[in-house]
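[1] Only the shape, not the letters, is given here:
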């Protein structure tokens, strides 16, 4: 499906009081809107609005994002590289890209932008809001910002707020970008050597030891002393992100990640979660070191009408991308309303 764009030609006020003079949101839709069959998908950190591209075996007939049954919407977050207003967008005040001057944004800002898109599309409520990782942050904020918008809420490998553990990983990644002497230049390629290192740091938290030890073993040569698979894998993943993303967007998005706290200005985390009235399905990944299962247990205990399921997987946080069959077995009946 081709990407589409929504242009909001009024100033968009951010949570910190700064303004974007205009806003563009890139989004994809799948299926036909019938008034009451929409599902809103919130994507993770460096993904885009094309769910069928980054979430294997989900946007298919018979799956939980069945486009013959549902109208599936996914919007690219502001601050990203994939078409929504971000650091490489032109600043109308200067006629040049924002680069490092792009303002600080929060998860709440992302959600407020997406609710503008929902209004534009005529989507007053959705069958479900589904999000994993920082997408889960957005899903929570969407349910809280507009009560009644989500009839159901699916939260996968996520948390009610960013903890010091995840913030520390993000800061280490930003430090790697800052160590690149080109970062700060008015150039879309600036900071990419640093981002290459940054991504390799982040990947450790996404996969964890169980996944690395299962997929990067040196079983073919017991005498190897250099050139290990794990080293080339880290290099490959760093290079791969550099080919498709920019360092300014990555820097701002990790800061937005850190900003997540559903209790901000809502009387605290537990108070905020207690106001969610729609049924919620909370899914944890057994080996997730970025968002340990204890984070999902906390959500389960404080969201009134919630259920908790655990996926046993060696793939860490990235298990939500890899274990699509197990996830479908949980989410398909939940979205369909049969559980």
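    Great, that's in hand. Remember, predicted model here, so these are calculated numbers, not experimental data.
[2] Please enumerate the helices of the stretch 51-200 of the chain.
    With DSSP state H, counting those that start in this stretch, the ranges of helices along the stretch 51-200 of the chain come out as 51-54, 107-121, 134-145, 164-178, 192-215.
[3] So for residue 81, which of those sits nearest?
    Minimum separation from residue 81 across those (Cβ to Cβ) falls at helix 192-215, 11.1 Å. For the C-beta atoms, the positions are set from N, CA and C on the backbone; glycine is no exception.
[4] report the angle between the axes of the closest one and helix 164-178?
    Put simply, helix 192-215 runs at 130 degrees to helix 164-178, going by axes from the mean of the first three to the mean of the last three Cα atoms, to 10 degrees.
[5] re earlier: which stretch among the helices of the stretch 51-200 of the chain comes nearest residue 37?
    helix 107-121 (12.8 Å).
[6] A strand includes residue 284, no?
    Yes: applying DSSP: H, G, I helix; E, B strand; the rest coil, one finds residue 284 inside a strand.
[7] contacting residues for it?
    Residues near residue 284 by Cβ atoms under 8 Å, 6 or more residues apart in numbering: 157, 291, 293, 295, 296, 297, 308, 309, 310, 311.
[8] how much space between the residue nearest to the spatial centre of the chain and residue 230?
    By Cα atoms, centre = their mean, the mean C-alpha position of the chain lies nearest to residue 44, the distance being 1.8 Å. Distance of residue 44 to residue 230, given as Cβ to Cβ, to the nearest Å: 23 Å.
[9] Name the spans of the stretch 51-200 of the chain whose pLDDT lies under the cut-off.
    Low-confidence regions of the stretch 51-200 of the chain, defined by pLDDT under 70, are absent; no residue qualifies.
[10] Next, residue 32: phi, psi?
    With angles defined as degrees, to the nearest 10, residue 32 sits at phi -110, psi 140.
[11] Spit out the contact partners of it.
    Applying Cβ under 8 Å, 6+ apart, the residues contacting residue 32 are residue 71.
[12] Against residue 273, how distant is it?
    For residue 32, the distance to residue 273 - Cβ to Cβ - is 34 Å.
[13] do the same with residue 320
    Using Cβ to Cβ, we find residue 320 at a distance of 21 Å from residue 273.
[14] Looking only at neighbour counts, state which of these two leads.
    residue 320 (28 against 24; other Cβ atoms under 10 Å).
[15] Specify the local secondary structure of the more buried one.
    Reduced to three states by three-state DSSP, residue 320 is helix.
[16] Hmm, residue 157 and it touching each other?
    Yes: if you go by Cβ atoms under 8 Å, residue 320 and residue 157 touch, sitting 4.8 Å apart.
[17] hey, what's in contact with both of these two?
    Common neighbours of residue 320 and residue 157 (Cβ under 8 Å, 6+ apart) are 132, 133, 283, 285.
[18] you'd agree the second one is up against residue 320?
    Read it as residue 133. Yes: between residue 133 and residue 320 there is a contact under Cβ under 8 Å: 7.2 Å.
[19] Could you pull out the residues contacting both of the two?
    In terms of Cβ under 8 Å, 6+ apart, residue 133 and residue 320 are both contacted by the residues 156, 157.
[20] I'd assumed residue 36 was in contact with residue 123.
    No: in this structure, residue 123 is not within contact of residue 36 by Cβ under 8 Å, at 9.9 Å.
[21] contacting residues for residue 320?
    Counting by Cβ under 8 Å, 6+ apart, the residues that residue 320 touches are 132, 133, 156, 157, 283, 285, 311, 327.
[22] Compile those residues into a markdown table and extend it with columns for distance to residue 210 and neighbour count.
    Formatted as a markdown table, the contacts of residue 320 follow (distance: Cβ to Cβ, whole Å; neighbours: other Cβ atoms under 10 Å):
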| residue | distance to residue 210 | neighbour count |
| --- | --- | --- |
| 132 | 19 | 28 |
| 133 | 18 | 26 |
| 156 | 19 | 26 |
| 157 | 15 | 29 |
| 283 | 18 | 26 |
| 285 | 11 | 30 |
| 311 | 13 | 22 |
| 327 | 18 | 28 |
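[23] which of the residues you listed lies closest to residue 175?
    Taking Cβ to Cβ as the measure, residue 175 sits nearest to residue 133 out of these, at 21.4 Å.
[24] May I see the buried residues of the strand or helix carrying residue 335?
    Following DSSP states H and E, the helix or strand that holds residue 335 is helix 324-336. Within helix 324-336, the residues scored as buried using 16 or more other Cβ atoms under 10 Å are 324, 326, 327, 328, 330, 331, 332, 334, 335.
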